[in-house]
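Undergrad: Everything below, folded, please.
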Amino acid sequence: MIVPETLPPTTLLALFLLFFFQGSDRPFAPPDPHAADSLYQQGLYPQAAEAYQAVAEAWQKLHQDDSTRYYQLRTARAYVQDYDLDNCERWVHRALEDRGTGAPLWAQSIGYNELGYIQLLGGEYEAALALYQKSIEAETRRPAADTLNLAKSYEFQGLTYMALGDLEQAQRWVEEAHHLRQLILDPWNKELGYSANGLYMVYSQAGNLPRADTAMAQAWRILNKQLPKDHPHLALLANNYSTIKSSLGDITQAKELLLKAITLNKTYSRERATISNYNNLGGLHLTLLEPDAALRYFFQGLALADTLLPHPHLNRVYLLDGVGAAYYLLDSLRQADSVFRLALTEKRALLEEDHPELAQSWYNLGTIAQERNLTAEARRDFQRAEALYRASWGPDHPKRADALFELGELAWAEHDSLPARALWQEALRLYRTHLGFSHSYVAETALQLAESYQYARQDSLDFYLRMAWGSASGQDAPVRSRLLDSLTLTLLNPRTLDLISFELALLTQEVAPTEAPRTYTAQELTRGHHLMDIAERWIPAFLSLSKQERGSDATAELVQSIYTRGALFAHRALQQHPDDVTLRQLLLTCMQASRGATIQAAFRHRQAIQFAGVPDTLVEHGRQLMEALRYQETKWQKSDEESVSAQRELYLAALQAWQEYQRELERTYPRYYQMRYETPSVSWEKVQQALAPDESMLTYLKLDSNLLVVLVDRETFSSQLLALPTSWPDSVYRYRQLLAQRGDPAEVARLSHSLYTQLWAPFADRLNKRVRLLPDGPLYYLNFETLLEQPVTAQSTSRAWPYLIRRHAIYYAYTLPGVYPTAEASPGTILGIAPGFSPELKAHYRQQLPPETAVDSVFLGWVRTPWSVQLVDQLAQRGWGTALTENNATERRFLAEAPSAGILHFGTHAQLISQNPLESFLALTPEPTDSADGYLHTYELYGQPFHAQLAVLTACQTGLGRYQAGEGVLSLAHAFRYAGCPSVIYSLWSIDDEQTNQLTEFFYEEVRQGRPFGDALRQAKLRYLDQQPAALQLPFYWASLVLAGENQALPMPSFWETYGGWLLGGLVVLGLTALWVYRKKRASATSAHQLQKN
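TA: Coordinates of the predicted model:
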């Protein structure tokens, strides 16, 4: 679907009118007008109004009527620049009052123009038009008409016609005004710049984007030269220029212009102008398919509009349309429908039923009906929108094409292919003619037509794809060949992702896994390589637009589809060319890029910080800003109706601070951004070298219903497509559920061996003892250690079951080995955190609670965990680290101790918030007197610079969360990986406290022996199975904990390394004490001997 522009050009009318024209100079010489003129030229309008008022009063005392009227009108103009319309109108009426001989014609000309402007802003277009005509009449009756005043009235009259929907008259009068100015002004005169801005508005409304872009470029060039760099008019011009750049697909420049506009408007407290800035920013994020970000800006704009604008008002209506479009992209159809209908109601209160602005509302409501499969209703609304556009702006206006595009989709859904294509072709003609060949709508419509010919005509498919590529690469015609060599994409729009993905689909979709392998032609191989090269260069540039790590959910899924199809292409090509190094690297690159996007981005961020030499103070400032941003986002999402507005403001302030920090990094440390968003290169040789001699890597990638699996070790490289039953994901979820609930052993055994047969057996004879496993999709929830190599009977004891753990040490990873450097583990101790939640701890909490403070019933309800306290105390007693238990297990103590720990061990409860993973938390001890809530939230973890090599999360379900395409499972474990912990041990289901702590104690004993984490965890589980009775050997007790990250060993200080210094110090003290006692006794003995001798 083509998302409509959320800021119709008529909104720009108000912005333009608020700063137009300095006015022509008059021959009068007021006492001292220079200070007032200087203030006005600097954009200091409130001060200029006061200064002009003083000059007018001075002339009035001198009984100089013309001079008095002139500076009263200048006072009015200064007020209008400051959006003070009431004072503007008051001073215009003073200037026009009859003082015996009536107001002179020149004053009438200027005064009626100003009054017309006030009516225009208020939406009283007919009244405005009448006043502009009176202004023109007064000017033409003068013996020598002022050309500049006449041009001004012509232009405002044209803009009023534009507001009324009469684009022919609008273009006539605005072009005539510009022509008059060109006759008498220097080419660099700033009034020509303002005039060019008026041309831009009319051309933009008429849908002629190339001419609009040319006019705006002229305005921008002149006014940037003639005005001070911080002049508020430049903010308004930047806002307008951003609109045309966004429409032409130049999102990067559009965003830069809007940020400049916002900065300038905030400098001068021009909040009304900022409303449209936020509206445009929201529209940009809609273009990028980032509805959450769009909503933030639309809501901020609405907050200002509700305060500053009358109700109803068109600028507020445009914001409502934007909010509805964002809800539509979020699939919140009920909310979108409600907001769209509210916008329509307010438009009807302002406009006639045949006004073209209502067409956008009918279009919006049509999209909702279309999503609800209400075909007749959708067709009626789209047809109503198309008819309004055609009646108001003629059959060739590009806005009409939006409705035609959607009508084509309705026809295609009803299998009417010929009418559908005809409608799309007409829409394409309109877009090409008026928006330009490189507009995103041209690329999208050409792609739509190409898809419609996929199974019909190859020549038409080829033609429309070449057209789409030509549009996406900024050319004026279709590309000559779909080989796409040396092609650089310039269209930074999510639709480009669709284009790349569709081309890859054509290369990969024709052969089912059960059929004979497809043979690619040389041309197809070349095209596939070029497609992936284009994607790898384009995607980082696209993501850097919003300074995001993975883009929105919608764009993340599109990126995921590209890498998934790229991997499938590389796999199939390798069947023909098994030793092709380039294809191997392409396959591994796609497997790497299709998962763990934010974790990889965090790696690149840390590398880029170091690479660019960013100071530690600035790094810490950024960390604090990110933590504040995540905190405010979470608080906003949780706020009630009374506090939502205030909380939204706090969030937006945090967001603005974070974005300014990002811009500072980009400006000051360009090398940071050079590395921050680039796609890391993957070398299959480095991957092999990074694997241990007895280690294999098994990487899964979920396709529509099958799995692509890559197996790599020191000697071999192979890929295989597994044809699985469509129900295999359900089997994985059911199996995990059975393990977590200690389900029927017979069903557990049957499912376990079935999953082994499907997922592991095809590679079993080629795997080494250690297996680095990169899962995907449902496999994130599966512990492969529990799979059974052989079927077992229900009567057999679980002690003898052939689990995979008996043969392999399996650990999970988010990234391929050798892609990101792994720092050598330095010696470190364990920091153990275990609140215990004893009755004594809860009683102490109640005693510390300040009066009238609500009791945390969640904390009081936690089940006691004495085994966790016992374990961390034992670890500390053995000299292996520090224990924070009971009252010491606070968030404050944890954050103070964590930076120096090698292992972070949490023996506590956890709460998973699936709807909002950032709200998930680990439970610690609250400190009511310090306002600490006792919860370590996920959003807090993301901002922490942990130096620990391992985090052990023995709380319940710390590895569970919402699966996100291209990312993985957003869990507490994910947050620790993002924060920099190379390895995390987490739980896949609710665990038994006593048994888990027994297993964890075994694990630390193995780590002390120098085993890598994965090997140590496996050995601990085998020890547990050897020692426990049959009743405690179910996977529920031992298989919940899994390792994700690096299988590295952590040197831990020995007892002597930990306590040697203290012991040595103690021995020295004892020695000195003994020496002192000896000397004391000797001295006493000597004294006694001397006394005896005497």
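
Undergrad: from here on, contacts and neighbour counts on C-alpha atoms
TA: Will do.

Undergrad: Helices of the stretch 751-900 of the chain, start to end?
TA: When assigned using DSSP state H, counting those that start in this stretch, the helices of the stretch 751-900 of the chain occupy the ranges 839-848, 857-861, 866-877, 891-897.

Undergrad: Please report the distance of the residue nearest to residue 708 when sequence neighbours are not counted from residue 520.
TA: Take residue 708 and drop its neighbours on the chain: the residue closest to it by CA to CA, 6 or more residues apart in numbering is residue 721, 4.6 Å away. Noted for residue 721: a distance of 17 Å to residue 520, by CA to CA, to the nearest Å.

Undergrad: Same question for residue 422.
TA: In this structure, residue 422 lies at 34 Å from residue 520, with CA to CA as the measure.

Undergrad: any idea of the mean pLDDT for stretch 867-878?
TA: Taken as a whole, stretch 867-878 carries a mean pLDDT of 86.

Undergrad: what does that stretch rub up against?
TA: Under the contact criterion CA atoms under 8 Å, 6 or more residues apart in numbering, stretch 867-878 has outside partners 830, 832-836, 881-885, 907-908, 993-994, 997, 1001, 1055.

Undergrad: Flag the shaky bits of the stretch 1-150 of the chain, pLDDT-wise.
TA: 1-32, 100 (pLDDT under 70).

Undergrad: Can you show me the helices along it?
TA: When secondary structure is read from DSSP H, counting those that start in this stretch, the stretch 1-150 of the chain shows helices at 9-17, 34-41, 45-61, 65-81, 85-96, 105-121, 125-140, 147-163.

Undergrad: The stretch 351-500 of the chain too?
TA: With DSSP H, counting those that start in this stretch as the definition, the stretch 351-500 of the chain shows helices at residue ranges 357-371, 375-393, 398-413, 417-435, 440-452, 458-472, 494-508.

Undergrad: what helices or strands is the fourth one leaning on?
TA: By that I understand helix 417-435. Helix 417-435 is packed against helix 209-226, helix 398-413, helix 440-452, with contacts defined by 3 or more CA pairs under 8 Å, 6 or more residues apart in numbering; DSSP states H and E.

Undergrad: Which of the ones you listed has the lowest mean pLDDT?
TA: That would be helix 209-226, which, of all these, carries the lowest mean pLDDT at a mean of 90.

Undergrad: Can you mark which positions in that one are buried?
TA: Residues of helix 209-226 classed as buried under the neighbour-count rule (16 or more other CA atoms under 10 Å) are 209-213, 215-220, 222-224.

Undergrad: Show me the shaky parts of the stretch 651-800 of the chain.
TA: Counting by pLDDT under 70, the stretch 651-800 of the chain contains low-confidence ranges at 652, 659, 666-667, 669-681, 794-796.

Undergrad: ok, residue 47 - contacts?
TA: With contacts taken as CA under 8 Å, 6+ apart, residue 47 has the following neighbours: 36, 39.

Undergrad: ignore the last one, residue 1044
TA: 811, 812, 813, 814, 983, 984, 985, 986.

Undergrad: redo that, cut-off 6 Å
TA: Residue 1044 makes contact with 811, 812, 813, 983, 984, according to CA atoms under 6 Å, 6 or more residues apart in numbering.

Undergrad: Using the three-state scheme, assign it.
TA: Applying DSSP: H, G, I helix; E, B strand; the rest coil to residue 1044 yields a three-state assignment of strand.

Undergrad: Provide the partner residues of it in its beta bridges.
TA: Per DSSP bridges, the residues bridged to residue 1044 are residue 812, residue 984.

Undergrad: So which of the contacts of residue 1044 wins on neighbours?
TA: residue 984 (30 neighbours; other CA atoms under 10 Å).

Undergrad: Test my guess that that one contacts residue 954.
TA: No. Shown here, residue 984 and residue 954 do not form a contact pair, counting by CA atoms under 6 Å, at 10.4 Å.

Undergrad: Provide the count of other residues in contact range of residue 227.
TA: Neighbours of residue 227 (other CA under 10 Å): 16.

Undergrad: now it: how far from residue 220?
TA: Counting by CA to CA - residue 227 and residue 220 are separated by 10 Å.

Undergrad: which residues are in contact with the longest strand seen in the chain?
TA: When every strand of the chain is counted residue by residue (DSSP state E), the longest turns out to be strand 695-702. When contacts are taken as CA under 6 Å, 6+ apart, the neighbours of strand 695-702 outside the stretch itself are 707-713, 767-768, 770-776.

Undergrad: Count the neighbours of residue 744 for me.
TA: Counted with other CA under 10 Å, residues neighbouring residue 744 total 11.

Undergrad: quick one: it from residue 804, how far?
TA: Going from residue 744 to residue 804 by CA to CA gives 20 Å.

Undergrad: got the buried residues for stretch 570-585?
TA: 570, 571, 572, 573, 574, 575, 583, 584, 585.

Undergrad: contacting residues around the first one?
TA: Just to be clear, that refers to residue 570. Residue 570 makes contact with 583, 587 under the criterion CA under 6 Å, 6+ apart.

Undergrad: Could you rerun that using 10 Å?
TA: Residue 570 makes contacts with 508, 525, 528-529, 532, 577, 580, 582-588, 590, 719, as judged by CA atoms under 10 Å, 6 or more residues apart in numbering.

Undergrad: can you confirm it is in a strand?
TA: No. Secondary structure of residue 570, determined by three-state DSSP: helix, with no strand assignment.

Undergrad: Can you tell me how far it is from residue 491?
TA: Distance, residue 570 to residue 491, by CA to CA: 26 Å.

Undergrad: Go ahead and confirm residue 465 touches residue 499.
TA: Yes. Taking CA atoms under 10 Å as the contact criterion, residue 465 and residue 499 are neighbours in contact, 8.2 Å apart.
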